[in-house]
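Novice: Structure for this input, please:
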Amino acid sequence: MCKKNKSKIQNPVLFVGAGPGDPELITVKGQHALMEADLVIYAGSLVPEAVLQWTKPETKRISSASLHLDEIIDIIENAVHKKKRVVRLHTGDPSLYGAIFEQMAELQKRSIPYQVIPGVTAAFAAAAAMGIEFTLPEISQTLILTRMAGRTPVPEKENLASLAKHQASMVIYLSMTLIDEVAGILADAYGEQARCAVVYRASQPQEKIIVARLKNLVKCVQTENITRQALIIVGKILEVSHKNLKYKSKLYDKKFRHGYRGSK
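Specialist: Take a look at the predicted model:
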């Protein structure tokens, strides 16, 4: 007979997606986790402190901006063994560039249970702010979320030039310091006259949206002095306006039959 060892730890560590910055764009489940937390370790370089308004006054808050992995895990382990409710708060959605897997691996070594609460990533906050749809019928049905290789390498088969050849809707994270190279690669694939956008701090009070042709992207970014915490968006969907919308979804076509709407 197989036996399953039960953890002596009652409260799992919660990895929570803080959302793109607006404290009201955290999920209800994430908000509840913060409200119940005794300790919150948050990505201080990215998560606005406004999101921490959901914590109790007595909740201990620690920024992980200056901490390395071992320090973070030691703090978590110490709190967990004191039966504290611990939230590890990451920007956006923790599964996307969140470096959570390595933290989970360390917690597993220590037999510390954990759960993940997803969040709203900045790409979707940017789309909401711009009023765009990444997957327009017959224009683009694919969305690529990627980044340029920097100090963190990117697999060769996933380099930006290879992905850009698809000419799909694309959102590029963590690449503002390489804007010259990004603009050149995108211009080669989409054409230098293609429309692109840069969204700085989507959903936050400092939000700024720049729309330009790829040939002017670098100049526009330099003029606005945007060097980080911004997304680069490109794709044919940016060429479509409400006035020139040609293709529409079959879902709401009155002649299109499906399981919930037959012919009349």
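
Novice: Could you use CA atoms for every contact and neighbour count after this?
Specialist: OK.

Novice: which stretches of the stretch 151-264 of the chain aren't confidently modelled?
Specialist: In the predicted model, the stretch 151-264 of the chain carries pLDDT under 70 at residues 247, 249-264.

Novice: Quick one: the strands in it, in order.
Specialist: According to DSSP state E, counting those that start in this stretch, the stretch 151-264 of the chain carries its strands in the segments 169-173, 195-200, 208-213, 230-234.

Novice: Determine the set of other helices and strands touching the second one.
Specialist: Counting contacts by 3 or more C-alpha pairs under 8 Å, 6 or more residues apart in numbering; DSSP states H and E, strand 195-200 is packed against strand 208-213, strand 230-234.

Novice: The first one pairs with which strands, and in what direction?
Specialist: Its sheet considered, strand 208-213 pairs with strand 195-200 (antiparallel) by DSSP bridges.

Novice: ok, then the element right after the helix or strand hosting Gln103?
Specialist: Per DSSP states H and E, Gln103 falls inside helix 101-109. Once the chain leaves helix 101-109, the next helix or strand it forms, by DSSP H and E, is strand 114-117.

Novice: returning to that earlier point: for the strands of the stretch 151-264 of the chain, could you give me a markdown table that also reports mean neighbour count and distance to Leu163?
Specialist: A markdown table is the format used below for the strands of the stretch 151-264 of the chain (neighbours: other C-alpha atoms under 10 Å; distance: least, C-alpha to C-alpha, whole Å):
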| stretch | mean neighbour count | distance to Leu163 |
| --- | --- | --- |
| strand 169-173 | 22 | 9 |
| strand 195-200 | 23 | 16 |
| strand 208-213 | 16 | 19 |
| strand 230-234 | 24 | 12 |
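
Novice: Can you convert these into CSV and add a column each for distance to Ser95?
Specialist: As requested, the strands of the stretch 151-264 of the chain are arranged in CSV below (distance: least, C-alpha to C-alpha, whole Å):
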stretch, distance to Ser95
strand 169-173, 14
strand 195-200, 21
strand 208-213, 25
strand 230-234, 17
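
Novice: Would you enumerate the residues in contact with Ser63?
Specialist: Ser63 makes contact with 41-44 under the criterion C-alpha atoms under 8 Å, 6 or more residues apart in numbering.

Novice: Gly19 now?
Specialist: 25-27, 91-93, 119-122.

Novice: can you rerun that using 10 Å?
Specialist: 25-27, 30, 47-48, 51, 89-94, 118-122, 124-125, 203 (C-alpha atoms under 10 Å, 6 or more residues apart in numbering).
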